[in-house]
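**Student:** pasting the sequence and the predicted coordinates here, then a few questions.
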Amino acid sequence: QVQLVETGGGLVQAGGSLRVSCVASARTLGWYGMGWFRQAPGKEREFVAAISWPGAGVYYGDSVKGRFTISGDSAKNTVYLQMNSLKPEDTAVYYCARGSGGDLRRATVYSVWGQGTQVTVSS
């Protein structure tokens, strides 16, 4: 069973930047795609960004367009999410996941999920 481990979360001030990483326990070359979702307390899980492997296409949620960038390194089995101009409303647990096919903006196409990493943005 493939495992995904997210790292890089933490506390940052509004307007700052943070990069979270997701390392897979198996080779990602040949995977359909990977994505990032987030969930804040009391809210539903929200699509953040996704990348078709190996980088054929990228997709972003409306709330992060222009501020976040997703990228991948198949040699390192790693996907990154660079987050700039962070806002307090970006505070959430961020999850990476492996997509199995279909629309990568939908959580239902993801078959493997990481445990999540907390990102907190202070005002």
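**Tutor:** All right, it came through fine.
**Student:** paired strands for whichever strand or helix holds residue 119, with orientation please.
**Tutor:** Per DSSP states H and E, residue 119 falls inside strand 117-122. Note on strand 117-122: by DSSP bridges, its sheet partners are strand 10-13 (parallel), strand 92-99 (antiparallel).
**Student:** for the longest one, buried residues please.
**Tutor:** Just to be clear, that refers to strand 92-99. 92, 93, 94, 95, 96, 97, 98, 99 (16 or more other Cβ atoms under 10 Å). All C-beta spots, glycine's among them, are computed from the backbone N, C-alpha and C.
**Student:** next SSE downstream of that strand?
**Tutor:** Following strand 92-99 toward the C-terminus (DSSP H and E): strand 110-113.
**Student:** mind listing what that next one pairs with, with the direction of each?
**Tutor:** Partners of strand 110-113 in its sheet, by DSSP bridges: strand 92-99 (antiparallel).
**Student:** what average pLDDT does the partner strand get?
**Tutor:** Computed over strand 92-99, the mean pLDDT rounds to 96.
**Student:** would you check that residue 81 makes contact with residue 69?
**Tutor:** Yes. At 7.5 Å, residue 81 counts as touching residue 69 under the criterion of Cβ atoms under 8 Å.
**Student:** so what sits against both of the two?
**Tutor:** Residues touching both residue 81 and residue 69 by Cβ atoms under 8 Å, 6 or more residues apart in numbering: residue 49.
**Student:** these two: who's more crowded?
**Tutor:** The residue with more neighbours, out of residue 81 and residue 69, is residue 81; 26 against 15, by other Cβ atoms under 10 Å.
**Student:** run through the bridge partners of that one.
**Tutor:** Residues in beta-bridge contact with residue 81 (DSSP bridges): residue 20, residue 70.
**Student:** assign a three-state SS to residue 75, would you?
**Tutor:** helix (DSSP: H, G, I helix; E, B strand; the rest coil).
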